[in-house]
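Enquirer: What follows is a predicted structure for the sequence shown.
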Amino acid sequence: MTLIRNNAWVISLALLLAVLLAITKAIQPGFGAPGLESLARAALPFAFATAGMAIVVIVGGIDLSVASMMAVCAVTAAVLMERMAGIPALLIVLVVGAAMGAINGALIVLTKVPDIVVTLAMLFVWEGVALLILSTPGGATADWLEAAIRGFFLFSWLPKALLIIAIVTALIWAPLRGTKLGLSIYAVGSDERAAFRSGVSVGRTRVIAYALCGLFCAFGGLSLAALTGIGEPVPGPYLLAAVAAVVLGGVVLGGGKGGLLGPVIAVFILRIIRTILTLMAVDPNVTTIVEGVIMVGVVMLGTALTMKGAQR
Amino acid sequence: MSDTPLLDATGVAKSFGAVKALTDAKLSLSEGQVVALMGANGAGKSTFVKILTGALKPTAGRVLIRGQEARVGSPAEARRSGLVPVYQEPSLIPDLSVADNLKLGDTPVAPFRAWLDELGIENLRLTDMIADLPLATLRILDLARALAAEPDVLLLDEMTAALPTNLVENVLKTVRARADAGMGVIYVSHRFTEISTLCDSATILRDGRTVGELPIEPGVEDRAVELMLGAKIDLGKRKAGAARLNTGTPRLSVQSVAAAPKLTDVSFDLYPGEVLGVVALEGQGQDELFDVLAGFAAPTAGTLAVDDRPVGFNHPADAIAEGITYVPGNRADALLSQRSVRENIALPFAARIANWGPLKRRYEKERVDYAIEKLQIDTRAQGEVQRLSGGNQQKVTIGRWIAKGVETLLLFDPTRGIDVRTKRQIYPLVRELAGQGAAILMYTSELEEIPLACDRCIVIFNGRVVDMIDAADADEQTLMRAAYGLTEAA
């Protein structure tokens, strides 16, 4: 019972996603495995940006520089893969991502400047770094990188992109969740003073959370490079999309509540709404209005339900 | 048992900038001993507790545990040195389950459960979220968690506040049994009845230093109260005239009001033209009382009446509409800190948005000029309020009502952290407002202010009114005894 209660939000999101998929199928009977595959592929960078953002929001912060960090990682990957073997290049990119995140976190902890200010400043810093590495779109990625996210795996209906999101997120987050570090991340976001008094090293926990965000951004940057085959130094629209998916995914902006599964499902919901509206030939300018309204509506509904539950 | 004390703190001092919170605190504790740590509000108790538990680093002095210099740079380190605290506010993570909280602090589950049983908490599931549990349960969970860590020294800070009687009994019994088995306990409390049943001695703090270590024996209460008071700085004199004869309709009538978690039963009448003091030790329910009267929280029981009309406040705006003005103890909540003194004083004039057209400039200016003169904040009146000293800021929060006029004023600890000279200027401001016909309810943590500013006072202890004292009889000794609930027992 408690399992259902604690995960009610995620379950509702999954149901909503199923309904939306059914609607898509109804509008366009031709929608099938290939459609699912391209949806998952397009969602890849959004999903990683969202997973990273979710972790810093859970620890009680926010990182406005996710899109810039992804750009740095994408150009680093494109430049390195032109010159050296793919696997070492990939590992270097992951280290670069985690390091950028750790720098963000360390600046917040050491300077005590609000996270929103630090990461806004770092948004510009990382953007400049990306342009220094590669001033115009260029470089090249390894062929296997693109092959890794394109097509299906094992079953004819299971897109590789979807599998990669699931595996990467699970490999990083699942082992962490139940450990003291994972609990510390929730504890710091939930009540910093109580966490401190329970013996949690608050500053270290925060830096690690930001480093994890950077690591996810590295995966996001790699998937960007894989999607385009080159490195693009100008950050894409991932910041606000990530915040939107995090909120819709049931992570409370004050911190301490939520997980990664909800936000990742929310990414797919937001993407598929866009697909449906396109299929219905809705004016693209109206599309963003509809997306915004749906987001506020769903979150308000969630709040109303929680309040009702609390009054019982 | 060895001769080395379990814990030995000497010469502990702590300054925050120019403010000396602690100057020379000491405390010594042997195995099997329960020592009460006492002190009036502002004596430095909470600073001392924070230093002992590693939440603050002292500016001077040292803390020895079993003769070894204790490394207590953080709560985690204090824990490793064998000192485990239970703080006043639960230190459990609200968004995690009980089990996850235990894991976070490396608490073994089996002993934790055993202590919970002994302390009388049943039907607790480890999967319960902390946020769903009542406050009393959380305090017991905190204690069980501390006991399960098998500390050498257990520090309990106001452990029994907000606990129902049966749980208080369990706590006292369990803690005494642990002490008899060799644990050392520091028991921070205001409650003499608990201290006399539980403790072996009492360490008294006053003005940041340890002024006495008393064995617990009959009559210790009087000696403790004496030590806590000491010789105070003279705040000036005001002849308390004959007790006011309050006739007619009370401006504000409070009947059997209760509010969670600490206020259980409070009744009083507040008349126009009087200043009614509220005397209470920290956390006796005065915060909840002012929240109810200002419309921040609804009472769980009881009734309020303004001018004999029953009223209910669902929102601060309802209280304001009934002419009730609340001045918080925290000045930052009341002022526009980046605007001038003049603007801040004129604010209540402009606060009614319904008054569109031009303000009554002339009238307003006269009133504001009058108030500024009263406030004695020389010529810097043009500058930003945030540049004024804390005392001068507080004068502005009160002085603005002299300009505007006010029906009912709630003052919550108006002189907290203010120098003596400014304090002396604040009492006449309060008296002048009463002279204009305002009904004023004033909570103060400084007992000597009661005869200076008030006509009479009520004393709140453990959530209920235990005494009503006229200003003429309100010497500090009497007030302190009443505040500690000693008159009730007598």
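Expert: Now that the structure is in, tell me what you want to look at.
Enquirer: Where does the prediction get shaky in the stretch 151-300 of chain B?
Expert: The model of the stretch 151-300 of chain B has pLDDT under 70 over residues B:231-245.
Enquirer: can you pull out the helices in it?
Expert: Using DSSP state H, counting those that start in this stretch, the helices assigned to the stretch 151-300 of chain B run over residues B:165-180, B:192-198, B:220-229, B:286-293.
Enquirer: Now do stretch A:290-298: everything it contacts.
Expert: If you take C-beta atoms under 8 Å, 6 or more residues apart in numbering or on different chains as the criterion, stretch A:290-298 is touched by A:L16, A:A244, A:V247, A:L248, A:L270, A:I273, A:R274, A:L277, A:V282. For the C-beta atoms, the positions are set from N, CA and C on the backbone; glycine is no exception.
Enquirer: Are any of these buried, and if so which?
Expert: A:L16, A:A244, A:V247, A:L248, A:L270, A:I273, A:R274, A:L277 (16 or more other C-beta atoms under 10 Å in any protein chain shown).
Enquirer: hang on, the earlier thing: list just the nearest of the contacts of stretch A:290-298 to B:A36.
Expert: A:V247 (49.6 Å; C-beta to C-beta).
Enquirer: isn't there a helix covering the closest one?
Expert: Yes. Assessed by DSSP: H, G, I helix; E, B strand; the rest coil, A:V247 belongs to a helix.
Enquirer: near chain B, which residues of the stretch 51-200 of chain A show up?
Expert: Residues of the stretch 51-200 of chain A lying close to chain B by C-beta under 8 Å from any C-beta of the partner chain are A:180, A:183-184, A:186-187, A:189-191, A:193-200.
Enquirer: As TSV, the helices of the stretch 151-300 of chain B with distance to B:A55 would be great.
Expert: Formatted as TSV, the helices of the stretch 151-300 of chain B follow (distance: least, C-beta to C-beta, whole Å):
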stretch	distance to B:A55
helix B:165-180	22
helix B:192-198	24
helix B:220-229	24
helix B:286-293	22
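Enquirer: so which of these comes closest to chain A?
Expert: helix B:286-293 (18.4 Å; C-beta to the nearest C-beta).
Enquirer: Can you name the residues in contact with the closest one?
Expert: B:252, B:254, B:257, B:259-263, B:266, B:278, B:280, B:297-299, B:304, B:313, B:319, B:324, B:326, B:410, B:412, B:441, B:443, B:460.
Enquirer: From these, list just the buried residues.
Expert: Among the contacts of helix B:286-293, those scoring as buried are B:252, B:254, B:257, B:259, B:261-263, B:266, B:278, B:280, B:297, B:299, B:304, B:313, B:319, B:324, B:326, B:410, B:412, B:441, B:443, B:460 (criterion: 16+ other C-beta under 10 Å).
Enquirer: Can you give me every residue that contacts the residue sitting nearest the centre point of chain B?
Expert: Residue closest to the average C-alpha location in chain B (C-alpha atoms, centre = their mean): B:E282, at 2.8 Å. By C-beta under 8 Å, 6+ apart, the residues touching B:E282 are B:N41, B:E158, B:H190, B:S445.
Enquirer: which two in the residues of the stretch 51-200 of chain A next to chain B are spaced the farthest apart?
Expert: Among those, A:K180 and A:R193 lie farthest apart (C-beta to C-beta), at 18.4 Å.
Enquirer: more neighbours, the two?
Expert: The neighbour count for A:K180 versus A:R193, taken as other C-beta atoms under 10 Å in any protein chain shown, is higher for A:K180 (17 against 12).
Enquirer: Can you give me every residue that contacts the more buried one?
Expert: Contacts for A:K180 (C-beta under 8 Å, 6+ apart) come out as B:K103, B:L104, B:D106.
Enquirer: how near is the second one to B:F313?
Expert: What that stands for is B:L104. 40 Å (C-beta to C-beta, to the nearest Å).
Enquirer: Same question for the last one.
Expert: Noted for B:D106: a distance of 46 Å to B:F313, by C-beta to C-beta.
Enquirer: Same question for stretch A:41-61: list its buried residues.
Expert: So, applying 16+ other C-beta under 10 Å, buried residues of stretch A:41-61: A:41, A:43-61.
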